[in-house]
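S.K.: Build me a structure from this.
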Amino acid sequence: MAQHRSLPWPPAPIRTERLVLRETEVRDRAAVIELNASPEVGTYLGGPRPRAELERKVPEVPGRRPGFFVVELDGTTIGTIQLDPQDLERPKHRLAAGETELGYLFLPDTWGRGYATEACAAALDWFAGMLPGEPVVLYTQTANVRSMRLAAKLGFTEVERFEAYGAEQWFGVLRAAGSRPAGFAREAEPSSSDPDATQFPGAGPRG
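M.R.: Numbers count the residues shown, from 1 in each chain. Below you'll find the predicted structure:
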């Protein structure tokens, strides 16, 4: 497998029909704190982090590493996408499925409009262009119906389900990042109280 650190960074901004994906800047700090402090966003991620703790710990420019994108809508930061290396302490068979893990968070007032689909598809296409043929993995809870739907739309296939953090977890892989199922198209996600979040519960704030 290609080493994750071989990702060229920073990339030029990635523009979609409605969004811009770019590297983080100082002006994104408030949004990153809000994402990690939000009870709604934290529903399937082990709960929100205390805002005071985030204010102390989140750096001036959060998420300054290869694979960490902020998602911008009309000049406003609405979420983040991460293409991060898998935690090396995870079981070997999951590490063997793919080195890179997809995660994402969106502010609650943007849910249900298809932004997660649009942004994740663009990030995966970019990754496929940088590291052709490299798989990407994804973790979510099976209770997170929206994330399960998004995983299927993006082309992830189930590897296994397992119990962790008091809930059933789902682990899937996209064998060739950037590939799409037949008939793939961006569509509005249904309104739901489920957050647009697929990071492994308990992984902590991305930033």
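S.K.: now for the biggest helix by length in the chain, which elements pack on it?
M.R.: Using DSSP state H, we find that the single longest helix of the chain is helix 115-130. Where contact means 3 or more CB pairs under 8 Å, 6 or more residues apart in numbering; DSSP states H and E, helix 115-130 is packed against strand 14-15, strand 19-22, strand 68-73, strand 76-85, strand 100-106, helix 145-154. In short, each C-beta sits where N, CA and C put it, glycine included.
S.K.: Contacts for the very next helix or strand once past that helix next, please.
M.R.: Per DSSP states H and E, the first helix or strand lying C-terminal to helix 115-130 is strand 136-141. With CB atoms under 8 Å, 6 or more residues apart in numbering as the test, strand 136-141 has contacts from 44, 83, 86, 94, 97-98, 100-103, 124, 127, 147-148, 151, 156, 159, 167-174, 177, 197-201.
S.K.: List the buried residues in stretch 157-164.
M.R.: V159 (16 or more other CB atoms under 10 Å).
S.K.: no wait, stretch 117-131
M.R.: Those buried within stretch 117-131 under the rule 16+ other CB under 10 Å are 117-128, 130-131.
S.K.: Could the C-alpha coordinates of it be exported in CSV?
M.R.: Below are the C-alpha coordinates for stretch 117-131, written out as CSV (Å, rounded to 0.1, in the frame of the first residue of the first chain):
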residue,chain,number,x,y,z
THR,A,117,-22.7,13.2,-0.4
GLU,A,118,-21.4,15.9,-2.7
ALA,A,119,-18.3,16.7,-0.5
CYS,A,120,-17.3,13.1,0.2
ALA,A,121,-17.6,12.1,-3.5
ALA,A,122,-15.3,15.0,-4.4
ALA,A,123,-12.8,14.1,-1.7
LEU,A,124,-12.7,10.5,-2.8
ASP,A,125,-12.3,11.4,-6.4
TRP,A,126,-9.4,13.6,-5.5
PHE,A,127,-7.8,10.8,-3.4
ALA,A,128,-8.2,8.4,-6.3
GLY,A,129,-6.4,10.8,-8.6
MET,A,130,-3.5,11.1,-6.1
LEU,A,131,-3.2,7.4,-5.1
